[in-house]
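**Student:** could you work out the structure for the sequence below:
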Amino acid sequence: MKIQVSWSASSRLFPEHFVSVTVTASQAAILPPHRFYYLHNFQQALDWLAQRYGDLLSEQEADFIAGFARLPQNSRALLVRMLMRRGPWFRASKLAYEEIPVTGDAAAPLLERGWLSTTEPMEAVELFGLHTKPELLQILTGFELCSSMRKAEMLQLLAERQPEPRPYAVWHPEAVEPVWRVMVGELGERLRLMFFGNLYQDWSEFVLADLGIFRYEPVALDADSRAFQRREDLDFYLEISARRRDLDEGVEPAQLLPALIENHSENPWLDMRRAKVLLKLGQMCERLQDWPLAAQAYTASCYAGARHRHIRVLERMQRFDEALALASEAQAAPESEEERQRVARMLPRLSRSLGLGGTGRQPALAPAVAALRSDVLLDRPAQPMAVEYALQAHWHSADAPVFYVENALVNSLFGLLCWPAIFAPLPGAFFHPFQSGPADLGAPDFVLRRQPLFDACLVELEDGRYRATIRQRFADKQGVQSPFVFWGSLTQELLELALDCMPAAHLRTLFTRLLLDVKANRTGFPDLVRFWPLRSDVGSRYELVEVKAPGDKLQDNQIRWLAYCKEQGIPVRVCHVQWRDEGGTS
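**Tutor:** All right, here's what the predicted structure looks like:
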């Protein structure tokens with residue numbers, strides 16, 4: 001049993017992409033005992049929407065929710081099955097479910113209501129999505145297709161000879177099974193958006209929660225806990241999502257930019273979504289070397305990163321005066337450490353371009369970071385492996401264990417200690433029971449809104465309570481989705497060593513920088529952590545190590561963390577690995 005799901009894994013911080021999860025027989029056995037568990041879950045969602053979004057529902061949506069409950073059970077089940085699968089077209093033979101014995105009978109009430117259709121025009125590409133190549137050769141006998149052609153070539157030829165869509169019965173008059181189109185797919189998308197507040201989660205979240213594959217922190221939700229307060233907000237979200245989809249599918253940026261510039265939302269988090277699409281559009285224009293259009297996009301975007309990209313585009317256009325003015329503005333009030341770092345590299349170059357002298361290109365590595373370098377000579381592993389694992393194996397011993405943690409360790413310790421602040425039921429943070437973290441995690445005021453709560457958590461680092469708190473939450477919250485805790489990497493052994501060897505003052509220092517810019521600073525941590533739990537001298541009992549293979553360079557976010565750690569007295573270094581068979585020397 002395989003389910004397509006939206007995944008917010010704790011091993012990565014809020015990625016928004018789809019993966020397939022295979023449900024084992026033992027997991028399937030613990031599904032709710034009734035065969036229509038998915039229908040029960042969908043009805044729960046509709047009831048939730050009717051209660052919380054009744055004032056925002058369109059007439060069509062309200063009629064759907066009311067009419068759905070009056071359908072025969074098998075008809076409701078069939079529609080939900082179809083809404084949970086990739087559509088909108090389905091062959092009846094591909095909709096075989098044990099609990100729906102006669103699919104045609106179940107479809108009849110849906111056809112009567114117009115929620116399914118057999119007569120809608122079908123594009124050639126949709127026909128190809130329903131049939132295999134041998135089937136298409138039998139169906140399309142009048143189009144001079146041949147078996148030696150690839151399916152893509154067949155589709156191209158068919159599209160040229162029959163560009164207009166046709167009903168399925170015209171494409172395939174001799175079909176022995178019905179083919180149905182779901183006509184309420186867009187309506188279902190709107191309902192899904194209202195429930196989840198996003199379009200990357202779907203109804204399978206209910207199933208995965210039932211199975212225990214995903215576990216979520218229970219957060220109190222009242223009647224006002226919803227993503228959208230006005231119908232206009234919902235429409236705006238869908239419009240911006242459509243423009244992002246258009247961009248991803250290759251629509252010319254020039255066709256999309258005017259509407260994105262003109263359409264604004266009074267809702268800050270929604271308008272920030274628009275700003276992000278403008279940033280993506282600007283990046284696309286850069287790849288196309290359309291510098292004027294990129295400059296327009298970046299000018300209209302307030303999303304983090306748009307300003308320094310705008311400076312770079314102005315430089316490309318040789319508008320050096322404007323570039324220098326914008327860079328000077330950014331230098332005076334940088335939006336982030338990343339922007340400060342990038343602008344510091346741009347200013348000397350821009351000054352030279354204007355004949356103003358300049359100090360020359362600033363080094364990529366600050367002297368403090370360059371001083372952290374050490375070199376290690378290793379034998380190349382017999383089996384290919386990442387250089388981080390090779391160095392870990394080289395150093396690791398019972399008395400001095402080494403772990404490959406990258407972003408996992410500090411984020412996880414922070415996430416466990418600050419759990420109450422992260423999952424506080426503040427307005428605009430939680431909309432439904434399937435959130436792995438607050439919706440405003442990336443907002444500029446995320447920390448400010450929770451400052452007293454974070455302060456209360458961090459004070460435990462001063463009075464010593466933090467060890468017991470982190471241990472207890474590690475046990476109590478095991479496996480619960482979190483934007484910070486890497487359950488797959490944080491073992492009991494690693495946790496105990498970290499609590500034993502990393503001083504509370506160092507943890508507070510690391511957490512302080514993380515809170516300065518949660519979105520940017522939760523990545524870029526060193527790869528390895530080394531522990532010396534038996535050390536009793538004055539030396540440090542742990543060390544963070546960034547590992548670089550031959551030819552690798554430090555990334556900007558890594559440089560920022562390394563410089564900060566060096567400045568704050570956190571034991572850290574950058575280890576460059578050389579292979580003996582490449583003539584390396586230690």
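
**Student:** can we go C-alpha only for contacts and neighbour counts from here?
**Tutor:** Will do.

**Student:** show me where the stretch 451-586 of the chain has its helices.
**Tutor:** Ranges of helices in the stretch 451-586 of the chain, per DSSP state H, counting those that start in this stretch, are 451-458, 460-463, 466-476, 492-501, 504-516, 518-521, 556-568.

**Student:** so which bits of the last one are buried?
**Tutor:** Spelled out, it's helix 556-568. For helix 556-568, a neighbour-count test (16 or more other C-alpha atoms under 10 Å) marks 556-566 as buried.

**Student:** ok, the third one next?
**Tutor:** Using 16+ other C-alpha under 10 Å as the burial criterion, the residues of helix 466-476 that qualify are 466-467, 470-471, 474.

**Student:** got those as JSON lines, with pLDDT and distance to Gly188 columns?
**Tutor:** Output for the buried residues of helix 466-476, formatted as JSON lines (pLDDT from 0 to 100; distance: C-alpha to C-alpha, whole Å):
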{"residue": "Tyr466", "pLDDT": "97", "distance to Gly188": "46"}
{"residue": "Arg467", "pLDDT": "97", "distance to Gly188": "47"}
{"residue": "Ile470", "pLDDT": "98", "distance to Gly188": "41"}
{"residue": "Arg471", "pLDDT": "98", "distance to Gly188": "43"}
{"residue": "Phe474", "pLDDT": "98", "distance to Gly188": "38"}
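
**Student:** in the stretch 301-450 of the chain, what spans have low per-residue confidence?
**Tutor:** Along the stretch 301-450 of the chain, segments meeting pLDDT under 70 span 358-366.

**Student:** show me where it has its strands.
**Tutor:** For the stretch 301-450 of the chain, strands defined by DSSP state E, counting those that start in this stretch occupy the ranges 373-378, 402-404.

**Student:** same thing with the stretch 151-300 of the chain?
**Tutor:** Under DSSP E, counting those that start in this stretch, the stretch 151-300 of the chain gives strands at 166-167, 179-182.

**Student:** which of these sits most buried?
**Tutor:** Mean neighbours per residue, mean count of other C-alpha atoms under 10 Å, is largest over these for strand 179-182, with a mean of 21.

**Student:** partner strands of that strand and their direction?
**Tutor:** Strands adjacent to strand 179-182 in the sheet, as given by DSSP bridges, are strand 89-91 (antiparallel), strand 116-117 (antiparallel).

**Student:** elements contacting the helix or strand following the first one?
**Tutor:** By that I understand strand 89-91. For strand 89-91, the following helix or strand on the C-terminal side (DSSP states H and E) is helix 103-113. With contacts taken as 3 or more C-alpha pairs under 8 Å, 6 or more residues apart in numbering; DSSP states H and E, helix 103-113 sits against helix 73-83, strand 116-117.

**Student:** what sits up against helix 103-113?
**Tutor:** 71-72, 74-75, 78-79, 92, 95-96, 100, 116-117 (C-alpha atoms under 8 Å, 6 or more residues apart in numbering).

**Student:** ok and it relative to helix 73-83, angle-wise?
**Tutor:** Taking axes from the mean of the first three to the mean of the last three C-alpha atoms, to 10 degrees, one finds helix 103-113 and helix 73-83 inclined to each other by 80 degrees.

**Student:** CA atoms of helix 103-113 as CSV?
**Tutor:** Extracted in CSV, the C-alpha atoms of helix 103-113 (Å, rounded to 0.1, in the frame of the first residue of the first chain):
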residue,chain,number,x,y,z
THR,A,103,-17.9,1.2,-9.3
GLY,A,104,-20.4,2.1,-12.0
ASP,A,105,-23.3,2.1,-9.5
ALA,A,106,-21.3,4.3,-7.1
ALA,A,107,-20.5,6.7,-9.9
ALA,A,108,-24.2,7.2,-11.0
PRO,A,109,-25.2,9.7,-8.3
LEU,A,110,-22.0,11.6,-8.9
LEU,A,111,-22.7,11.8,-12.6
GLU,A,112,-26.3,13.0,-11.9
ARG,A,113,-25.0,15.8,-9.7
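
**Student:** for that helix, the distance to its chain's centre please.
**Tutor:** Relative to its chain's centre, helix 103-113 lies at 38 Å (C-alpha atoms, centre = their mean, to the nearest Å).

**Student:** buried sites along that helix?
**Tutor:** Quick answer for helix 103-113 (16+ other C-alpha under 10 Å): 103-104, 106-107, 109-111.

**Student:** over to stretch 263-274?
**Tutor:** By 16+ other C-alpha under 10 Å, the buried positions in stretch 263-274 come out as 270-274.

**Student:** narrow these to those in helices?
**Tutor:** Those of the buried residues of stretch 263-274 mapping onto helices are 270-274, per DSSP state H.

**Student:** tell me how far Tyr303 lies from Leu278.
**Tutor:** According to C-alpha to C-alpha, to the nearest Å, Tyr303 and Leu278 sit 8 Å apart.

**Student:** need the strands paired with strand 179-182 in CSV (columns: mean pLDDT and distance to Leu57).
**Tutor:** As requested, these are exported to CSV (pLDDT from 0 to 100; distance: least, C-alpha to C-alpha, whole Å):
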stretch, mean pLDDT, distance to Leu57
strand 89-91, 97, 26
strand 116-117, 98, 22
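
**Student:** of these, which is nearest Asp527?
**Tutor:** The closest of these to Asp527 is strand 89-91. By C-alpha to C-alpha, the value is 47.3 Å.

**Student:** give me the contact list for that closest one.
**Tutor:** 82, 126, 130, 177-182.

**Student:** closest to Leu324 out of those residues?
**Tutor:** Nearest to Leu324 among these, with distances taken as C-alpha to C-alpha, is Glu126, at 51.8 Å.

**Student:** how is the closest one assigned, secondary-structure-wise?
**Tutor:** Look at Glu126: counting by DSSP: H, G, I helix; E, B strand; the rest coil, its state is helix.

**Student:** contacts only, for it.
**Tutor:** Trp89.

**Student:** distance of it relative to Thr132?
**Tutor:** Relative to Thr132, Glu126 is positioned 12 Å away (criterion: C-alpha to C-alpha).

**Student:** with Glu186 instead?
**Tutor:** Distance from Glu186 to Thr132, counting by C-alpha to C-alpha: 27 Å.

**Student:** ok, now Arg580?
**Tutor:** 53 Å.

**Student:** how about the helices in the stretch 301-450 of the chain?
**Tutor:** 306-316, 320-332, 337-353, 367-370, 387-395, 408-417, 419-422, 446-449.

**Student:** and those helices as CSV, adding mean neighbour count and distance to Glu252?
**Tutor:** Putting the helices of the stretch 301-450 of the chain into CSV (neighbours: other C-alpha atoms under 10 Å; distance: least, C-alpha to C-alpha, whole Å) gives the following:
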stretch, mean neighbour count, distance to Glu252
helix 306-316, 22, 19
helix 320-332, 18, 26
helix 337-353, 19, 29
helix 367-370, 16, 43
helix 387-395, 17, 41
helix 408-417, 23, 39
helix 419-422, 20, 40
helix 446-449, 16, 35
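
**Student:** I'd like to know which of those helices lies nearest to Arg535.
**Tutor:** Ranking those by proximity to Arg535 (C-alpha to C-alpha) places helix 387-395 first, at 16.0 Å.

**Student:** which residues does the closest one contact?
**Tutor:** Helix 387-395 has contacts (C-alpha under 8 Å, 6+ apart) with 378, 381, 401-404, 527-528, 547-549, 577.

**Student:** between the buried residues of helix 556-568, which is nearest Ala242?
**Tutor:** Of all the buried residues of helix 556-568, the one with the least separation from Ala242 (C-alpha to C-alpha) is Asn557, at 31.7 Å.

**Student:** pretty sure the closest one sits against Gly524.
**Tutor:** Yes: using C-alpha atoms under 8 Å, Asn557 is in contact with Gly524, at 5.0 Å.

**Student:** nothing else from me, thank you.
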